[in-house]
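*Asks:* make a model of this:
(4 chains)
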There are 4 protein chains.
Amino acid sequence: MDIRVFVTGGTFDKEYDELTGKLYFKDTHLPEMLSLARSRVPTGIRTLMMVDSLEMTDADRAIIVDNCLRATEERILVTHGTDTMEVTARALGEKVKDKTVVLTGAMVPYKFGSSDGLFNLGSAMAFAQTLPHGVYIAMNGRCFHWTNVQKNRKTGTFEEKGS
Amino acid sequence: MDIRVFVTGGTFDKEYDELTGKLYFKDTHLPEMLSLARSRVPTGIRTLMMVDSLEMTDADRAIIVDNCLRATEERILVTHGTDTMEVTARALGEKVKDKTVVLTGAMVPYKFGSSDGLFNLGSAMAFAQTLPHGVYIAMNGRCFHWTNVQKNRKTGTFEEKGS
Amino acid sequence: MDIRVFVTGGTFDKEYDELTGKLYFKDTHLPEMLSLARSRVPTGIRTLMMVDSLEMTDADRAIIVDNCLRATEERILVTHGTDTMEVTARALGEKVKDKTVVLTGAMVPYKFGSSDGLFNLGSAMAFAQTLPHGVYIAMNGRCFHWTNVQKNRKTGTFEEKGS
Amino acid sequence: MDIRVFVTGGTFDKEYDELTGKLYFKDTHLPEMLSLARSRVPTGIRTLMMVDSLEMTDADRAIIVDNCLRATEERILVTHGTDTMEVTARALGEKVKDKTVVLTGAMVPYKFGSSDGLFNLGSAMAFAQTLPHGVYIAMNGRCFHWTNVQKNRKTGTFEEKGS
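*Replies:* Prediction:
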């Protein structure tokens, strides 16, 4: 069961620039993370963009939707910033009907010692393999359908709509 | 959806004893791992034993089976050493019929920088939430039914029987 | 041989705020670092301020100088941001004559996996114990007198003046 | 000021073998550690052996002494297991008179998240640059002359003789 991974950036992949003292994007850490995880799931990784999800535009989302529609794999994992993850999930949910798409991300960069990224990646890989067609967000060990999810900005966690 | 976690030891929880230079067990790292993962899955953790799975006896396995049978939760995660994980999966598979039980572990101790533990825990939590009743092993991002799994001792990875 | 440690902030002590995605200061990591280092040097730690050294004012520097002058210990370590470390070294060098003061810091926050902080702290502790009275900067495994040091902003390393 | 580094093994360089679950030696981590430390001290690294210091023989010690005697650099750092570090320091102290030799090591392997190795390396590099000719042990942020040091096996720390 092959999984297609689309990388779009987000906290997951942020690095620390030691000359400027700022966080920035270089390359994705996904291959390194799957290697450390000793993952044996056949996985093709493609970087679509490397952006902070607060700066993601409608055009960016159209690119993500288009890539999911055209992917030959039925199971897709999208790494994404958490701030607008639900917006992209909605864009995908309205268009992608015959595939399982799971969005995931991290609250803390993978390169930071205390990142939740590896845990989220593990759960997203599992949800992508087991859930029926549909678009989902996998965060905090849980999985939410795109029609029923919101980020709680006070706690930094995902929850059902109206929680 | 509550998940019951039974801890039995294994590489997952090994610590380095700086006075003797040996690896040993102290307490489980599961609560710390779930906290770092920002997990919001309601989870009750109980340590049944802290052993290297090479030293696990039939009596130990009977304790694990008994606890799974008596658990009130339908979904159970068992952390376990990888060396005899398939043996315990078999013991569980023959007895536990009305629950979803997922065994997982790690090739490298969580306390080592390069552990696969957090990824495995994430995938096991997800598989435990989504799979039908049955006993499974979740390793390497994949999930195997207890009737169809073996550890490849050359590569240190899990695979289908007869691979 | 007691060492007095004055904490002023800098990259050393930056944390990642997972709600805002920004780096910020909370508490100093010095006690945690010295504990992990198994340091047995008698050390008293006092936080004077927690600032990015780009925002350090003359008034802040006067506070640091004053604390070094009034310290009863002869050997002092000051943690400091690297951007203006040489400015504070100069302020100290002109006033503190009867003590050994070593400034150190980090290019990458301690909480990031790949920090140089622990190495710098180790070298600064050693230089503080062995060097004659004077004010020094300890970075990159080397030690520079305050009259002969500059930060190379292209490489992010410290070097002799005019290098 | 060039520093010669001789690697002899010890906890510093132990790795975790995920197939056997045992600690073992592969290559030294010294170059990686100095790179992460952004060290700018000119340093030549040579691996003399990779052994647990409990298994170090008189012949091994003769090799270390011989290499220190023949080194063209005046300042030498020796990485070494802590269990017999004082024995090797004595062998060196009786023979090497015109150089500064600093032995250091770690209580926890560098590859473990909580290692004291980077701190010890930083302090040893600094002591090697500043101390007069003689043989020393740098551990726990302190430095001991070879004639006045013992490892306290209960606390795992180094102290003056007869402490």
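*Asks:* so which residue is dead centre in chain A?
*Replies:* Most central in chain A under CA atoms, centre = their mean is A:T79, positioned 2.3 Å from the mean C-alpha point.
*Asks:* against chain C, how distant is that one?
*Replies:* 15 Å (CB to the nearest CB, to the nearest Å). From N, CA and C alone the C-beta is placed, and that goes for glycine too.
*Asks:* can you pull out the helices in chain A?
*Replies:* A:30-36, A:58-70, A:85-95, A:117-130 (DSSP state H).
*Asks:* please name every helix or strand in contact with the second one.
*Replies:* The one in question is helix A:58-70. Using 3 or more CB pairs under 8 Å, 6 or more residues apart in numbering or on different chains; DSSP states H and E as the contact test, the elements touching helix A:58-70 are strand A:3-9, strand A:43-51, strand A:75-79, helix A:85-95.
*Asks:* could you rerun that using 10 Å?
*Replies:* strand A:3-9, strand A:43-51, strand A:75-79, helix A:85-95, strand A:100-104 (3 or more CB pairs under 10 Å, 6 or more residues apart in numbering or on different chains; DSSP states H and E).
*Asks:* output the ones you listed as CSV; include the columns mean pLDDT.
*Replies:* Shown next, in CSV, are these (pLDDT from 0 to 100):
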stretch, mean pLDDT
strand A:3-9, 98
strand A:43-51, 97
strand A:75-79, 98
helix A:85-95, 98
strand A:100-104, 98
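*Asks:* how many residues are close by the closest residue to chain D within chain A?
*Replies:* Residue nearest to chain D within chain A (CB to the nearest CB): A:G113, separated by 7.3 Å. Neighbour count for A:G113, taken as other CB atoms under 10 Å in any protein chain shown: 18.
*Asks:* give me the nearest residue to it, chain neighbours excluded.
*Replies:* C:G113 (4.9 Å; CB to CB, 6 or more residues apart in numbering or on different chains).
*Asks:* distance of the one you found from A:H29?
*Replies:* Distance of C:G113 to A:H29, computed by CB to CB, to the nearest Å: 11 Å.
*Asks:* which neighbours do the two have in common?
*Replies:* A:109-111, A:115 (CB atoms under 10 Å, 6 or more residues apart in numbering or on different chains).
*Asks:* out of the residues you listed, who's nearest chain C?
*Replies:* A:K111 (6.0 Å).
*Asks:* contacts only, for the closest one.
*Replies:* Per CB under 10 Å, 6+ apart, neighbours of A:K111: A:12-16, A:23, A:26, A:29, A:32, A:117, C:108, C:112-114.
*Asks:* residue of chain A nearest chain B, please.
*Replies:* Closest point on chain A to chain B, by CB to the nearest CB, is A:G122, at 2.8 Å.
*Asks:* that residue against A:A37, yeah?
*Replies:* Yes - here A:G122 reaches A:A37: they are 6.7 Å apart, a contact under CB atoms under 10 Å.
*Asks:* out of those two, which sits in the busier spot?
*Replies:* A:G122 (33 against 24).
*Asks:* distance check, the more buried one against C:R70.
*Replies:* When A:G122 is compared with C:R70 (using CB to CB), they lie 53 Å apart.
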